[in-house]
Structures are given as structure tokens and as C-alpha cells.
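Enquirer: Need a 3D model of the following:
(one chain, ligands or ions: 2)
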Amino acid sequence: MEILRTIGLKKYYGSGAGLVKALDGINMSIEEGEFAAVVGTSGSGKSTLLHMLGGLDYPTEGKVIVDGKDISAMKETELTIFRRRNIGFIFQNYNLVPVLNVYENVVLPLELDGEKPDREFVREVMETLGIYERQASMPNQLSGGQQQRVAIARALASKPAIILADEPTGNLDSRNSKEVMGLLKVTGEQFGQTIVMITHNEALAQLCSRVIRIEDGKIWKDGKNSAQNYGTGTQRHGFSGVREDGTAAKNMTEKRERTGVGADEQKAAENVTGRQQQNLTGKHAGEMAARNTWGGIRYEK
Ligand SMILES: Nc1ncnc2c1ncn2[C@@H]1O[C@H](COP(=O)(O)OP(=O)(O)OP(=O)(O)O)[C@@H](O)[C@H]1O
Ligand SMILES: [Mg+2]
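Expert: Numbers count the residues shown, from 1 in each chain. Ligands and ions are numbered 1, 2, ... in the order given. Below you'll find the model as predicted:
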């Protein structure tokens, strides 16, 4: 099933002699469950493309259809809500909220949306990413790799239609890059998540199921990697926490309907709610409201 489509997508900046055609007619379609890499030289339009796909900015011309809805036609308020519910972002600089602990960061987009986190699902995600034990830690107590795993958990927790990642391993050393990339792939497969990821790293791009190359705001190559080449995350990376029999590979709809809450998560969640209410009604709430952002998480280019 197609989850994302762009039609004649253009984004121009400036005018006259200063006109920059950052995107110049992008037509692409992403199927549910795909893990697509977007590669291209610096300035080729990758980040601009991701902004358009995620509704962080409006195109100059053309359309972006996410899960059947034309987001380029949405008004700002509608778009903000749609974005929070349907799009998960992962950025190079993690963008965790420093005053919230790991668990609070993971469930923040849900809480901001007035939704109750699916605690069993959140626990499964955090366990797979190896951060469940660190749920009470603050972001500044974690390594870069761990912080990025929290950001991945946060993106997955709301079961978005699509996850968009802009150089998620850009701040990590090669060992952590491989590990984070492996986990992104494994969780993508495990939770049936569609992912579009920008990377400068050719080796990482080859681990994706598809590689889209853009140059001067146009697609100049778009090809699938053979399954043999990229394999499954479990086969290639052998991460623990992923069930070998594939029973965990349930789709998001099924996950949505799952219930059952462990006592410890219940407790953790109650604490979170109390603290978050404090945070969200205090100075922090004003700060967040002031940012015209997805889920209160500031986006910085
Ligand atoms: N807000 C803006 N105003 C004017 N020009 C912009 C703006 N944002 C991006 N551009 C220009 O659009 C082009 C594409 O930029 P973009 O950030 O998408 O590149 P990129 O492929 O992500 O590059 P990098 O690999 O360096 O991150 C560049 O020429 C850039 O200078
Ligand atoms: Mg960029």
C-alpha cells in the first residue's frame, strides 16, 4: 500500500538572481514498510525534501500526500495536529527535551496530543532499543548513541504513518552509527514502520531497501536494493530483543488494539503524568506553545 506520494513537488527560495530551486519537480511514491535512503551531495535538496514530506514547510508548487491526505492543502493548525499524529521525526541532534526523563521524552508527543500511551507497546519499543532500563535517566546522563535511541523510541511510540530521519547518525562515531542504524532497521521491520532517511553514508544507504538519489532538486536515480543485499535487520545485525520467530512483527493496527498494562509501567506513567503536568503548566508549557513545532520538539536545521 502506498503511504506517501509527491506530485510535481517544487520548493523555490528567493527570487530573481537569487532564486534557488531547492526542489524542482519531485515525483515519488513510498510503499508502507519501505526503508528508503535519500542520498545526494550537500545542497542537493535532501533536507528540503524531508521538510516538505513532513509538512514542516509548504511547497512552492505540487503536492505531498501522506496516508491519502494532501498535507500541502492543510491549514497550519490542521497540519500541526496531523504532523504530530502521523509523522515521526528523528534529527541529527536528537532534539530531546532536557528537563524530561527518558520515558517522558518518549511519550511526550502522545501526551501533548492528549492520548494515553500504549504502555505495553512503548515498553516493547524501549526494550528493543535497549533503553528500557534507562527510563528514569535524564538526557544529559546518556551518550549520544543512547540519546538517539530515545529519539527513535519517541518517533515509534506514536505509531506514525511514516518516520522521517535527517542524518540520524550524523553526530555519532562509526560504531554507534552502525548500531543506531541497525536498530532503526530492526525496529522498522519489527513494528512494520515506514522510514525515509537522509544519509551521507553510502554504506548505511546500502542497508536500506531502496536508495533515492537527488541532485539539483531532482531525482536522478531511484532503485531498490536486492533483499539479498540488505537482508533483514535481524539477520544482519542479530540484535537481541527481536523475536526470531517473527511473532513480534505485527502491524501497527494490531498494536493499536492491544491492551494490558504492567504494574511497573503504570506506576512510571503515573509519575510521568504528574511531573509532566507540572512541566507543561509551568514555564515550560509557554515555551513549548511558543514554538510552532511538531510535538513541542523544536526543529532546528
Ligand atoms: N531557508 C532557505 N532559504 C534559502 N535557501 C535555502 C533555504 N533552505 C535551503 N536552501 C537552499 O536550498 C538548497 C538545498 O538545501 P538543503 O538543505 O535541502 O540541502 P541538503 O541536500 O540537505 O544539504 P546537506 O547535505 O548539506 O544537508 C541549497 O542550495 C540551500 O542553500
Ligand atoms: Mg541537509
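
Enquirer: need the contact list for Lys221.
Expert: For Lys221, the contacting residues are Val211, Ile212, Arg213, by Cβ atoms under 8 Å, 6 or more residues apart in numbering. Where C-beta positions appear, they are placed from N, C-alpha and C, glycine not excepted.

Enquirer: again, only this time at 10 Å
Expert: By Cβ atoms under 10 Å, 6 or more residues apart in numbering, the contact set of Lys221 is Val39, Gly40, Val211, Ile212, Arg213, Ile214, Glu215.

Enquirer: Run me through the strand neighbours of the host helix or strand of it, direction for each.
Expert: Following DSSP states H and E, one finds Lys221 within strand 218-224. Sheet partners assigned to strand 218-224 using DSSP bridges are listed as strand 210-215 (antiparallel).

Enquirer: Stretch 13-32 near ligand 1 anywhere?
Expert: Yes. Applying Cβ under 6 Å from any ligand atom, one finds stretch 13-32 touching ligand 1 at Tyr13, Gly14, Val20, Ala22.

Enquirer: Report the buried members of the residues you listed.
Expert: Buried by 16 or more other Cβ atoms under 10 Å: Ala22, out of those.

Enquirer: And the residues of stretch 13-32 next to ligand 1, which is closest to Glu61?
Expert: Lowest distance from Glu61 to the residues of stretch 13-32 next to ligand 1 (Cβ to Cβ) belongs to Ala22, with 12.1 Å.

Enquirer: who touches that closest one in this structure?
Expert: Taking Cβ under 10 Å, 6+ apart, one finds 10-14, 43-49, 51-52, 60, 216-217 in contact with Ala22.

Enquirer: For it, give its distance to Arg123.
Expert: Distance of Ala22 to Arg123, computed by Cβ to Cβ, to the nearest Å: 41 Å.

Enquirer: Likewise for Val64?
Expert: Taking Cβ to Cβ, one finds Val64 at 33 Å from Arg123.

Enquirer: Look up phi and psi at the closest residue in space to Arg210 that isn't next to it in sequence.
Expert: Nearest non-adjacent residue to Arg210, counting by Cβ to Cβ, 6 or more residues apart in numbering: Ala36, 4.4 Å away. Dihedral pair for Ala36: phi -100, psi 140, per degrees, to the nearest 10.

Enquirer: again, but for the one 5 residues further on
Expert: Main-chain torsions, Thr41, degrees, to the nearest 10: phi -70, psi 170.

Enquirer: Now do it: how many residues are near it, please.
Expert: The tally of other residues near Thr41 (other Cβ atoms under 10 Å) stands at 12.

Enquirer: quick one, what contacts it?
Expert: Contacts of Thr41 by Cβ under 10 Å, 6+ apart are His200, Arg213, Ile214, Glu215, Asp216.

Enquirer: Show me which of these are buried.
Expert: So, by 16+ other Cβ under 10 Å, the buried ones in these are Arg213, Ile214.
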